[in-house]
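Visitor: Next input, structure requested:
(4 chains, ligands or ions: 4)
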Amino acid sequence: MTIPKDTLLSLYRTMVRIRRCEEQLARSYAAGTITGACHTYVGEEAVATGVCAHLRDDDAVFSTHRGHGHALAKGVPPGALVAELFGRATGCSGGRGGSMHLFSPEVGMMGTSGIVGPCILQATGAGYSFQLKETDQVGVAFFGDGAVNNGAFHEGLNMATIWDLPVLFVCENNMYATEIAFKDSARNTDVAGRAAGYGLHAEAVDGNDVLAVYEAAGAAVARARQGGGPSLIECRTYRTRPHAEGMRDGGYRSQEEIDSWKARDPISAFAQSLLDDGAVTAADLQTIDAAIVAEIQEAVVFATDSPWPDATTVADHIYAGTV
Amino acid sequence: MTIPKDTLLSLYRTMVRIRRCEEQLARSYAAGTITGACHTYVGEEAVATGVCAHLRDDDAVFSTHRGHGHALAKGVPPGALVAELFGRATGCSGGRGGSMHLFSPEVGMMGTSGIVGPCILQATGAGYSFQLKETDQVGVAFFGDGAVNNGAFHEGLNMATIWDLPVLFVCENNMYATEIAFKDSARNTDVAGRAAGYGLHAEAVDGNDVLAVYEAAGAAVARARQGGGPSLIECRTYRTRPHAEGMRDGGYRSQEEIDSWKARDPISAFAQSLLDDGAVTAADLQTIDAAIVAEIQEAVVFATDSPWPDATTVADHIYAGTV
Amino acid sequence: MAAREINFTEAAREALAAAMTRDPTIFVLGEGIGIRGGNFNTTLGLFERFGPRRLRDTPICERGFVGLCTGAAMTGTRPVVDFMFIDFILDSVGELTNQIAKIQYMTGGRLKMPVLLRGCVGIGGGAATHHSGSYYPLFVNVPGFRVVVPTTPYDAKGLLSTALRCDDPVLFLEHKSLLNVRGEVPEEDYQIPFGQARLCRQGTGVTVVAIGPLVPKCLAVCDTLAAEGISVEVIDPRTLAPLDMDTILVSVRKTGKLLVADESFGPCGVGAEIAAQVMAQGFDDLAAPVRRLNGVHTPTPYSPPLEAAVVPSMDQVAAAVRDLAAE
Amino acid sequence: MAAREINFTEAAREALAAAMTRDPTIFVLGEGIGIRGGNFNTTLGLFERFGPRRLRDTPICERGFVGLCTGAAMTGTRPVVDFMFIDFILDSVGELTNQIAKIQYMTGGRLKMPVLLRGCVGIGGGAATHHSGSYYPLFVNVPGFRVVVPTTPYDAKGLLSTALRCDDPVLFLEHKSLLNVRGEVPEEDYQIPFGQARLCRQGTGVTVVAIGPLVPKCLAVCDTLAAEGISVEVIDPRTLAPLDMDTILVSVRKTGKLLVADESFGPCGVGAEIAAQVMAQGFDDLAAPVRRLNGVHTPTPYSPPLEAAVVPSMDQVAAAVRDLAAE
Ligand SMILES: Cc1ncc(C[n+]2csc(CCOP(=O)(O)OP(=O)(O)O)c2C)c(N)n1
Ligand SMILES: Cc1ncc(C[n+]2csc(CCOP(=O)(O)OP(=O)(O)O)c2C)c(N)n1
Ligand SMILES: [Mg+2]
Ligand SMILES: [Mg+2]
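Guide: Ligands and ions are numbered 1, 2, ... in the order given. You can find the predicted model right below:
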């Protein structure tokens, strides 16, 4: 697969955008600007980036508590994300959602969920819509290893498979659900193998290798668009920050393990390989780095300057008001 | 495996008891003596029989809407079963349950459920109790192919496996859930194969061959008692009557299919093989046949003569009354 | 020309068929709702007209297909879940409460959630405790749902037609004992707005708000009570969320006495809500405390005499009205 | 000697530890309740004492492990589910409602169902809509559950100790805002019976039945109201099922006025039930209609000003009491 330079740079840009934004959110959390929980995606940027590079605005992404990266990769502007976590009216969910409820249907970001599991079913439902309407859109679910042992995984994969729905299931296997190791929650930790048992296309890739993800997702998305049914990609990756900001990160995993994964940082690795291949120049990357720094600063200013939601609207839109 | 004659005759007796009792219940249903639903086990007798032959009264069986056979095989007297379906105070659930809620904890019949799925989880929970109490008891779940696509299957098998619980999962794969073919509900219809994917012992057997079931269950129960963890046995079988009494049985499966399975009737086949082997005599079997006919007649008399439950007790025992 | 009579199920099916003809984004999920036409004939004959994608037999995974419907509704289709028995909805309460009910709100109305959830409710025929539930108070308690409990074929058709145009999640609950009741139903499509009670019988002495099967039970004793000199006004709220309190309050202003009769459980039930609202808004109109008549607060037993003992009977309705009238 | 003060969570943990020492059949299931000691420190230090079988970290399968607990309780052990946030209970409503709640009844008492279900409820700290629920009206509506909502460390310990001896399924709901509240708690084990409200403050003008965090909110405004000449009696029901109506009715007999203050949703909520029962049993004592103050009937928003707007505030409690007093 030869990938155009533009695409390579775009993948790099998305990953850096996610990283810088997450680091900013972590600082804002520490500063008390963000209330509620804040689960960062640091270390896992290659997954959302590699998958969403193949998606259009009218493809539907459903995500989890750890959803900032998915939102950004799907096209939610950093300002709308930061403002949401700051609880402002200009946030992508109007301040109603916060970190775990990011909605931006305009760009096909159909929500993150604070409950583990539903995204799998909802992506299946999007696939159902698209098949019924005979479009070539795709439904995509991102979820962690923790969701694999939940009934939603079983029921969703099965329905998508028997009905040949255009759905892509992306499992971000970062080996832990909060502090519980995946190997203690499942005897068989081969998610792709388990998924294949349902009869869909399934493969495992290095989730820290953006090109590996990009390639696998490209094939799966194309297959789904062409009526070839669902696929699952297990992306083996790692979060290098605590489960959520403000939580401890010791006791359940070793510093050696964390360090070994930090050494496999998806952004540095990708940058290095691009430079090694001569595909891009250091200047190319520095330009992006600088632009992203500015972009995130602007996002913070935008969020900080944004108004709070109007409390008199607090009960609006519970119903559509059509009947 | 050489099986003593007594055991062979006991297996035969249990199968005939189930068959004759079911035929009686079908007649009583047609006569209007039984209200509510009535799902018979005709054609599947070998499964409950082969499994329960290895169980003690203190082993815990959890079952489904099609549970008469499990109750009888576990030791519920036919009279208590018939009386329950007749709605009498002497029924195994005091008339509160009917066909789909058969409870007889005294003999380890821990209930049938009108909801598909829970029995899998409950057997897992019994296994949890037995492991915690360090006994050698076993929890057993009987369930249909229809339950395999339910989240309870996924969550229950996984927990039993990771905690090495003494549980036996018995899937009665009769190829249909009501009128829906299993092959339309699952791309991969190899239940044992799917179960093995969780990391437990799993095998498929001919569910119309009582000795095949007996043998597989014997190994699984022994393993569970010895701390060897859970197993699943997929018993491939067929119900030769409609899903429930009073329902049509056409439109979704062919007469040829039904006939071909009737030709493989588990009771006649077992009887024939016993006679062929010279293990038993025709007189042995006739004695049993006659005894069962009498037993079922007595059961009906017992049920018919039994009092109705006292309506003033209708709200008793919702709470234990200990606090 | 004599008006046409059809039964409740047929009336609801007409509304569904008309809506499916009009709106190609409607599809139905459930177990045996395809070729089989539904355990309760809710979709009989529709598979032949609309095919397998729009009448989809599912595996037995209620949580799963309710979750599927969430995503489907979010992406522009209009799913109908046919639960057969509404008891089976309980495995999907997480998807309903945390997802379906909340998404319009969380998106500030940018997404609609036109999901119709239907199924049979109620006690009868020895269905026993896993096939006799109602459970609607939960969906009144949690914001985001419309809850519809029709009692006549006419209302079934008109309310289902409304439900299939409504952009909110709607529970459409069909009491088993009403399915074969026949009544006059126009051939053409029509809608009955949510939140409009039906005044079933006018009276001056006691108001009865009756829910579901209690409507016919109550109407059946009105003549007897009238002969005793008790004039009963009967209101069928038709939808429990929204609840037409105005009609109830107007009636209570006239009668001063209210009975809420409901087979479903009393504690934190619909009767409690109506009682509390009537007290809050019509305290001075009340000549006696609002009374509630509910099914016995117990799992539903199977045996005929036990089953009969848990359901509010006509005699109990009449007795409660008499007591109220005497206060 | 000065009485010992500990916080709510510590008090509840003491009860759990004592019960686990006494009764080897008690085990706890949940996510992160093993070595980690619980997201809310509910089991801190217990893993070291009782080991992995009795403090079992689970996969994320709430339905599954509630179903597991059903079978465990039926076979002689006493499971405790620690849901962390009670919102996660919703995926297990089928197991709870159709199985756990019904099995004692269906077996005519031959089996007991000693299952304890605990978790944090309530709005606060920007937890947003998937981590702010209460949902207790459902468990009051459905027969078979005990529902406990302690508000002080003393009550938390005594009620949890009772729950761990009770043979019924118990929901033990811990409001987030109360977890760090400190209070006097005896070292030794003691039990507080279910169904006994606590009279938190005596008064003569208005009765407030306050639930959960509304108890301290209400108590905090009583002095101000007293200074205005309004004498408030405050009752903490402590358990919602069973509900101590006697204590409430005695108070209403004295004050003639009742406010039920509850953060949880109004429609078909606990306030509706209390209002309906007070009307039924104490109609002539009422000088004014029972009032309800509830959280706004909406999913819980995240943003601080929105979140604050949905929770009943001290000001709202005071205003509601003043309105009642003025009637
Ligand atoms: C149904 C449910 N149960 C429990 C939780 C609490 N919880 C939040 S995140 C999490 C771990 C999720 O792990 P995983 O799916 O692997 O995602 P990761 O955090 O590793 O990205 C848990 C248990 C929840 N949100 N939803
Ligand atoms: C959760 C749930 N959904 C739907 C039903 C309705 N139902 C009763 S039996 C049945 C089919 C069960 O099929 P299977 O598990 O294969 O058992 P079989 O009847 O073939 O023995 C269905 C769908 C139910 N009882 N529970
Ligand atoms: Mg993980
Ligand atoms: Mg089957």
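
Visitor: burial of C:Asp285, as a residue count?
Guide: Using other CB atoms under 10 Å in any protein chain shown, the number of residues around C:Asp285 comes to 18. The C-beta positions use only the backbone N, C-alpha and C, and glycine is treated the same way.

Visitor: right, and it touches C:Gly256 too?
Guide: Yes. Contact criterion CB atoms under 8 Å: C:Asp285 and C:Gly256 qualify, at 5.9 Å.

Visitor: what does the stretch 1-150 of chain A put close to ligand 3?
Guide: By the rule CB under 5 Å from the ion, the part of the stretch 1-150 of chain A lying against ligand 3 is A:144-146.

Visitor: so can I have a markdown table of those showing distance to ligand 1?
Guide: Shown next, in a markdown table, are those (distance: CB to the nearest ligand atom, whole Å):
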| residue | distance to ligand 1 |
| --- | --- |
| A:Gly144 | 2 |
| A:Asp145 | 4 |
| A:Gly146 | 3 |
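
Visitor: can the longest strand that chain C contains be found next to chain D?
Guide: Longest strand in chain C by number of residues, with DSSP state E as the criterion: strand C:78-85. No. Using CB under 8 Å from any CB of the partner chain, strand C:78-85 never reaches chain D; the gap is at least 11.0 Å.

Visitor: mind listing which of the residues of the stretch 1-150 of chain A next to ligand 3 are in strands?
Guide: Short answer: these in strands (DSSP E) are A:Gly144.

Visitor: Return the closest of the residues of the stretch 1-150 of chain A next to ligand 3 with respect to chain D.
Guide: For these, the residue nearest chain D by CB to the nearest CB is A:Gly146; the value is 4.7 Å.

Visitor: Beta-bridge partners for the spatially closest residue to that closest one that is not a sequence neighbour, please?
Guide: Distances taken as CB to CB, 6 or more residues apart in numbering or on different chains place A:Ala177 nearest to A:Gly146, at 3.0 Å, with adjacent residues excluded. On the basis of DSSP bridges, A:Ala177 is bridged to A:Ile180.

Visitor: distance of the closest residue in space to C:Lys112 that isn't next to it in sequence from C:Leu259?
Guide: Distance criterion CB to CB, 6+ apart; nearest residue to C:Lys112, sequence neighbours excluded, is C:Asp167 at 4.0 Å. Distance, C:Asp167 to C:Leu259, by CB to CB, to the nearest Å: 35 Å.

Visitor: Of these two, which one has the most company?
Guide: Neighbour count, other CB under 10 Å: between C:Asp167 and C:Leu259, C:Leu259 has more, with 26 against 19.

Visitor: if I read this right, the more buried one contacts C:Leu293, doesn't it?
Guide: Yes. Between C:Leu259 and C:Leu293 there is a contact at 6.2 Å, judged by CB under 8 Å.

Visitor: what's the overlap in contacts for these two?
Guide: Counting by CB atoms under 8 Å, 6 or more residues apart in numbering or on different chains, the common neighbours of C:Leu259 and C:Leu293 are C:317, C:320.

Visitor: name the element the residue in chain C that ligand 1 sits nearest to belongs to?
Guide: Of all residues in chain C, C:Gly94 sits closest to ligand 1, at 7.4 Å by CB to the nearest ligand atom. Here C:Gly94, judged by DSSP states H and E, is contained in helix C:93-94.

Visitor: next one: C:Ala156
Guide: Going by DSSP H and E, C:Ala156 is part of helix C:153-163.

Visitor: Next, the angle from that helix to strand C:78-85.
Guide: Helix C:153-163 runs at 140 degrees relative to strand C:78-85, counting by axes from the mean of the first three to the mean of the last three CA atoms, to 10 degrees.

Visitor: what mean pLDDT would you report for helix C:153-163?
Guide: Average pLDDT, helix C:153-163: 98.

Visitor: what does stretch A:123-138 give?
Guide: On average, stretch A:123-138 scores 98.

Visitor: That stretch near chain B at all?
Guide: No. Stretch A:123-138 stays clear of chain B (CB under 8 Å from any CB), getting no nearer than 13.1 Å.
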